[in-house]
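Asks: Sequence unavailable; structure follows:
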């Protein structure tokens, strides 16, 4: 079975959706060790796993030879989480507004919207060598 | 995810425990649709012990809601943790789902005379 690789504040995860729980555990444990408030941890964990999930499923198309890399850093009372996949670039402009009445009963399309709502900053850029890099920033103190 | 089913005369309650995400979504949907196929389409989902929900979990709940409505049933949610409630409000799914603070409040919608199976 494929396993994530952890190096300090970085986790490299093979493209298997069943490993999302390990990303959640990784993110939460590092925030908890810095005594971050539980509600902030919950917000950050859902956002990190939403983006990692997108990278595994939509970016890497669950190709087991491709990985998603998540790195956390802490400065000035903020956490920055950078998540990159190895698929093709995902253009956020293509996402429809999930709050439009016609989209409210859609079963997909809420992930990025939730992330935008819960994080202080969200940036989506092309990753080096293809794929997508998503940067999340949130104040934790 | 653990699912505990309590059968009542007029409805069933499913108490969920654990993460509501892509890993648990398919089994939850299958489980509920089995009840719907047996005619048990008046359903309370007690989410008190759901400690994680993401867009995959929300999508599954929307899918289940649509199936229940197609079967002329009714799906209501109860006991959302504050974090889960926040996600429903952000996505405005709080306007789509019937959400109750307690399971007792949720039961009332099925115990009203007009909601009883005759």
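Replies: Perfect, I can see it now. Worth saying up front: this structure is predicted, and the values here are computed from it rather than measured.

Asks: Which strands border the longest strand seen in chain B, and is each parallel or antiparallel?
Replies: Secondary structure assigned by DSSP state E gives strand B:42-53 as the longest strand of chain B. Based on DSSP bridges, the strands next to strand B:42-53 in the sheet, each with its direction, are strand B:12-20 (parallel), strand B:74-78 (parallel).

Asks: Mind pulling up the pLDDT for the most centrally placed residue in chain B?
Replies: Computing the C-alpha centroid of chain B and ranking residues by CA atoms, centre = their mean puts residue B:45 first, at 3.1 Å. pLDDT, the model's per-residue confidence, is 98 for residue B:45.

Asks: next one: residue B:117
Replies: The predicted local distance difference test score for residue B:117 is 48.

Asks: same question, residue B:25
Replies: Predicted confidence (pLDDT) at residue B:25: the value is 86.

Asks: What does it show for phi and psi?
Replies: Residue B:25 has phi and psi values of phi -60, psi -50 when expressed as degrees, to the nearest 10.

Asks: ok, and the closest non-adjacent residue to it?
Replies: residue B:60 (3.8 Å; CB to CB, 6 or more residues apart in numbering or on different chains). (C-beta placed from N, C-alpha, C; glycine too.)

Asks: what do you get for residue B:71?
Replies: Closest residue to residue B:71 in three dimensions, ignoring its sequence neighbours and counting by CB to CB, 6+ apart: residue B:41, at 4.4 Å.

Asks: And that neighbour, how far from residue B:33?
Replies: 10 Å (CB to CB, to the nearest Å).

Asks: Name the residue in the two with the higher neighbour count.
Replies: Between residue B:41 and residue B:33, counting by other CB atoms under 10 Å in any protein chain shown, residue B:41 is the more crowded of the two (21 against 16).

Asks: thinking again about what came up before, list the contacts for the residue nearest to residue B:71?
Replies: Neighbour list for residue B:41: B:35, B:68, B:71-74 [criterion: CB atoms under 8 Å, 6 or more residues apart in numbering or on different chains].
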